[in-house]
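1. Curious how this folds, go ahead:
(chains A and B)
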Amino acid sequence: MFELPSGAEIQAIIASLNASVGYFLPEIYLSVLFMLLIVIDLMAKGRKNNLLSITALAGLAGSFLFIVPQHSMQAGEFFFGMYVLDEFALFFKYFFVVSGMLTVIITMADEQFDSEVRSMGEYYALVVAMVIGMIMMASSSDLLMIFLSMELVSFSAYILTGYFKRNLQSSEAALKYLVYGAVSSGLMVYGFSLIYGMTAQTNLIRISAELAAHGYDPLVMILATLLIIAGFGYKIGAVPFHFWSPDVYEGAPTPITALLSVASKAAGFALLVRFYFVSVPHGLQPYEDIVGIDWHSLLIVIAAASMIYGNVVALWQKNVKRLLAYSSIAHAGYILLGIIVMDKLGTQATLFYLLAYFLMNFGAFYVVILIANKTGSENLDDYRGLGKTMPLAGAALTVFLISLVGLPPTAGFIGKLMIFAAMLNKGSLYIVLALIGILTSVISLYYYMLIPLNMFLRESPQSGEKSMELTMPAKLIMVVLMAVTIYFGLYFAPLSDFAKYSSALYGMTMH
Amino acid sequence: MLSLIVFLPIIAGLIILAVPSSQKQVIRVVSLVAALVQIVLAIVIWQGYDPSLAGIVAAPGGSPAGSFQFIERVPWISIDLGSFGKLNIEYFLGVDGISISMVILTALISAIGVLSSWPIQKQVKGYFILYNLLASAMMGCFVALDFFLFYVFWEIMLLPMYFLIGMWGGPNREYAAIKFFLYTLFGSVFMLLVMIGLYFSVIDPVTHNHTFSLVAMASQENYIKNAILGPDNVFWRYVAFIVLFVGFAIKVPMFPFHTWLPDAHVEAPTPISVILAGVLLKLGTYGMMRINFPLFPEVFQASLFVIGVFGAINIIYGAFCALAQQDLKKMVAYSSISHMGYVLLGLAAANSEGMLGALYQMFNHGTITAMLFLLVGVIYDRAHTRQIDKFGGLASYMPVYVGIVTVAWFASLGLPGLSGFISEAFVFVGAFSSVTTRNIAIVSVLGIVFGAAYLLWSLQRMFLGTRKPDAAYDLEVGSDGHEHIHFHDWKGKLDLDGRELAMLVPLTVIIIILGIYPMPVIGLLTTSINKLVTVLSPVVLTSMN
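-> Reported below is the predicted structural model:
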């Protein structure tokens, strides 16, 4: 049936693969790190957790050596169009590597691991695997590659969520995550197959060209994009694909919650932006179709629903991790606003918001871990009076929370400012959506402030006023995160320039 | 100079951060020194201020120099947005006639607030750090001429205020603190959208870039015709005016957005009530004069009647509510709402007399209401109650206190010879001479009558007459044969002590001097007020198009 390729063709393929490997060094390096961590786990004797965490941390940091030179490389696709290198992908490479490093750092601070698990080898290896997967998600330019990288992230995440084997909540969370993940990736693949059926292409850029050249059946198109939104929506935790997130965030080890809520979500957004902007940017071109909707208006509905649902339901939460889970649903809505605008300013705002969200959410979860170490609880009621015993942690958490609300002088405020600026730049088109965003952020103030309220305004029921000293490194990390959050709220030009530089997508047809 | 006066309290706050929390006296003294230096700086600025320069809009040619004074303008953030040009945010400070009196007021009230905070014993370090942050943000709001900078200062005020009410307040403080926070945030988030909309609609005449400069925004010729808030977009300009107005009206607070204020006042500790009534409320009306009205003058002209009506409702409704209060502090809170109504009425008159009265009333309201709250605090410290009917006959036993109370009470009801009279008179002169607000003014005069009623009635019940049987203090016959009163667990001096006098006497002196000779303040304001009236006048608007 198939003709065997000639010798010259094989030579060409090999040459092309060889050339592509040069673009793939960070991923290869991280894969080596992944294996190295497993080997260390097997070989080293005695107490090796410190060795493992230092190796993971240093190893992740080492990947910068391979990522930084990529700036000088020409943006383009390789591995036969499976994979791209552009400024957008580079942005997420940094984002995910630093997320991985922060996860390792806050894992080291979390004392729950000491009592729950004996060996951390697989844990760190899986964190690295997840980082690789997320980097590949942000760089994939082919439907097959998208699916593979998403599954790599998901499988690592399932195991990490259930890493506290003897903890019932953790196991329950892992199972829920798995079931929801399986269903939504199934739907997504079905959507991919419809796209492939229409275009006979799997490469995003060629799909776009095919669709533009030959047109498409609107009904199939809306079905396909709807199904694909289900897959991406699950990753970003937007309404109505959010049902897994409160349980998973509550049950998972807290560092993994932080990683899921920031990095995994960001990977979903990277994919969403690349898929919709590069592959089917036709949502903005008006066309007649039977149902009268397109993916663009679907995203608008999803964004509005996420902001409203996440912020309103969070009002009733009594567990801080659950509260932050609902808040992260709401933030998925805010970030979607930047994507909906569909121009460079919007993309820049989205990337900026992701950076701000990264700082404030990691910061918040870090403080939650430190508090859980001392009190053994993540319930709002047990935060009473903590402002007195842990003033620095209280102050830091307050800063992260007001940043999540979007109040100056914090990075979160600038993120909201840029998102709304991108929307208003389009005239009165998105004003209603902007109003929903603004009003729900007022609602969010109430539940975020419940945490400082309990910490500072209420007295602890225990009369013993013992001061809970944090270790020096913990204090240092907290102060650095807090200072950076405020610094980028007052002087955000470097961050915003970086976001602008990174908003270039390879193969994007719109300006 | 302005940077120094703005950031001095924050510097003091940083010093306090380094002081161990057991050194309470050091913390207090550092705050006091910062506040006193702030007053000195305010006086230097006042002396150096040239009242012949108008402010409000840029000087001819588009440059704010030559119109504003003590200008400090450096680029703060400049981001290249590719095809959208550059995002320029400036660190832009300056004063004109509208802000100069508020700068002096803020410095004065901040210092008095520090003195008033002296007895606070709980978590002194945290208290003064937050207090200094608040003081900086307030001052920053009054001198910021870049909308973005203004917004940052505006929002920074919220958090310290929340904690100051929530941690050092009364029994129901959690509710009051979050109510304050939610109300003001609700007002200000819309301001954020309007701010962005204005940014895209305004071009700086000098740099030809979009700008957040309030000076550029105040000139209608700098607007892009078809931009979202440009002159062609009448609908969105109305919407923007209304949401900005609501945002500032919440701070004033204007009926029906006033309900947070009595709660906040009742729960807040005395110094915070003083700051709240003395400075924070002024930010609402200042924001109207600086941002809301000059940026949307044609909408302002169209809404004069409505603003006037709301002013009258504030005056009369506030007075009625004050009349019904049993809690002295709540009565003062409602009287504060009532008196802010005069400011709104003066603004609605839209002529020089009315506007001048409004601005002068802001200053006088700041000093008088601060005094009222301090006096409430003095009696609450001693008796641990503020119920009006738990007192009686105090005049015989605390003559100095009651003497100052009388001055403050009469200043508040507008007795000629005290400063409140002059500003209220100006407001009424202005409101009568404007056709739109004449009838409103006639109705509002009733407010003065009711104001006199609740003030005199409370004066009579608490301080005159004799001790009531269930009063909050006992009568004792001392060894000298005279009658004394004794508060149950009050160890200090019965009448005002030195610290209390240091807070109250300067305010009393200011109220009396400015009642007899108002020129030191009014002289600063007139040029700017005249300019503001011209900017807002319909004549200019027709010539613009």
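2. and the longest strand seen in chain B, average pLDDT?
-> Across chain B, the longest stretch assigned as strand under DSSP state E is strand B:69-80. Averaged across strand B:69-80, the pLDDT comes to 83.
3. and that strand, is it in reach of chain A?
-> Yes - residues of strand B:69-80 contacting chain A under C-beta under 8 Å from any C-beta of the partner chain: B:76-80. All C-beta spots, glycine's among them, are computed from the backbone N, C-alpha and C.
4. now the strands for the chain?
-> No chain specified, so I'll use chain A. Counting by DSSP E, the segments of chain A that form strands are A:76-78, A:83-85.
5. ah, no, chain B please
-> Taking DSSP E as the criterion, chain B carries its strands at B:69-80, B:86-95, B:473-477, B:483-487.
6. export the ones you listed to CSV and tack on mean neighbour count?
-> Shown next, in CSV, are those (neighbours: other C-beta atoms under 10 Å in any protein chain shown):
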stretch, mean neighbour count
strand B:69-80, 16
strand B:86-95, 22
strand B:473-477, 13
strand B:483-487, 15
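7. can these go into a markdown table with extra columns for distance to B:Asn530?
-> Output for the strands of chain B, formatted as a markdown table (distance: least, C-beta to C-beta, whole Å):
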| stretch | distance to B:Asn530 |
| --- | --- |
| strand B:69-80 | 17 |
| strand B:86-95 | 17 |
| strand B:473-477 | 53 |
| strand B:483-487 | 52 |
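8. Can you tell me which of those is nearest to B:Leu14?
-> Ranking these by proximity to B:Leu14 (C-beta to C-beta) places strand B:86-95 first, at 19.1 Å.
9. What are the contacting residues of that closest one?
-> Defining contact as C-beta atoms under 8 Å, 6 or more residues apart in numbering or on different chains, one finds that strand B:86-95 is touched by A:421, A:496, B:2-3, B:6, B:45, B:49, B:55, B:64, B:68-81, B:103, B:142-146, B:148-149, B:204, B:207, B:209-213, B:215.
10. What sits closest to B:Ile11 if chain neighbours are left out?
-> In this structure, B:Ile11 finds its nearest non-sequential neighbour in B:Ala34, 7.0 Å apart by C-beta to C-beta, 6 or more residues apart in numbering or on different chains.
11. what sits against A:Phe164?
-> Taking C-beta under 8 Å, 6+ apart, we find A:Phe164 in contact with A:112, A:116-117, A:170-171, A:253.
12. cutoff 7 Å now
-> Neighbour list for A:Phe164: A:116-117, A:170, A:253 [criterion: C-beta atoms under 7 Å, 6 or more residues apart in numbering or on different chains].
13. cool, B:Tyr127 as well?
-> Per C-beta under 7 Å, 6+ apart, neighbours of B:Tyr127: B:117, B:120, B:168.
14. how close does it sit to B:Tyr454?
-> Applying C-beta to C-beta, to the nearest Å, the value for B:Tyr127 to B:Tyr454 is 32 Å.
15. A:Ala109 and A:Met472 touch, don't they?
-> No - taking C-beta atoms under 7 Å as the definition, A:Ala109 is not a contact partner of A:Met472, at 11.9 Å.
16. burial of the residue nearest to B:Ile510 when sequence neighbours are not counted, as a residue count?
-> The spatially closest residue to B:Ile510, leaving aside those adjacent along the chain, is B:Thr367, at 5.5 Å (C-beta to C-beta, 6+ apart). Neighbourhood size, B:Thr367 [other C-beta atoms under 10 Å in any protein chain shown]: 24.
17. B:Thr367 contacts B:Thr508, doesn't it?
-> No - taking C-beta under 7 Å as the definition, B:Thr367 is not a contact partner of B:Thr508, at 9.3 Å.
18. tell me the contacts of the closest residue to B:Trp154 other than its chain neighbours?
-> Excluding the flanking residues, the one nearest B:Trp154 by C-beta to C-beta, 6+ apart is B:Cys141, at 5.6 Å. B:Cys141 sits next to B:150, B:153-154, B:283 when contact means C-beta under 7 Å, 6+ apart.
19. Could I have the buried ones of these as PyMOL selection syntax?
-> Here is the PyMOL command that selects the buried residues among the contacts of B:Cys141 (16 or more other C-beta atoms under 10 Å in any protein chain shown):
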select buried, chain B and resi 150+153+154+283
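20. my guess is A:Phe362 contacts A:Ala263, does it?
-> No - in this structure, A:Phe362 is not within contact of A:Ala263 by C-beta under 7 Å, at 9.4 Å.
21. So between these two, which is more surrounded?
-> A:Ala263 (29 against 26).
22. And the pLDDT at that one?
-> 93.
23. Same question for the one 5 residues further on.
-> Per-residue confidence at A:Gly268 stands at 93 (pLDDT).
24. Report how many residues lie close to B:Leu133.
-> When neighbours are counted by other C-beta under 10 Å, B:Leu133 registers 21.
25. Apologies, that question was intended for A:Ser6.
-> Neighbour count for A:Ser6, taken as other C-beta under 10 Å: 9.
26. So A:Gly181 sits against A:Val153, correct?
-> No - using C-beta under 7 Å, A:Gly181 is not in contact with A:Val153, being 9.7 Å away.
27. Looking at these two, which is more packed in?
-> Ranked by neighbour count (other C-beta under 10 Å), A:Gly181 and A:Val153 place A:Val153 first, with 26 against 22.
28. wait, what's in contact with the more buried one?
-> A:Val153 touches A:130, A:133-134, A:137, A:264, A:267, counting by C-beta under 7 Å, 6+ apart.
29. Name the nearest of the residues you listed relative to B:Pro538.
-> Ranked by distance to B:Pro538 (C-beta to C-beta), the contacts of A:Val153 are led by A:Ala267 at 57.1 Å.
30. nearest spatial neighbour of that closest one, skipping sequence neighbours?
-> A:Ala267 sits nearest to A:Met134 (C-beta to C-beta, 6+ apart), 4.0 Å away.
31. Now for the closest residue to B:Phe7 other than its chain neighbours, how many residues are close by?
-> Closest residue to B:Phe7 apart from its sequence neighbours, by C-beta to C-beta, 6+ apart: B:Ser136 at 6.0 Å. B:Ser136 has 26 neighbours, counted by other C-beta under 10 Å.
32. Would you confirm that B:Ser136 contacts B:Ile5?
-> No - judged on C-beta under 7 Å, B:Ser136 makes no contact with B:Ile5 at a distance of 9.3 Å.
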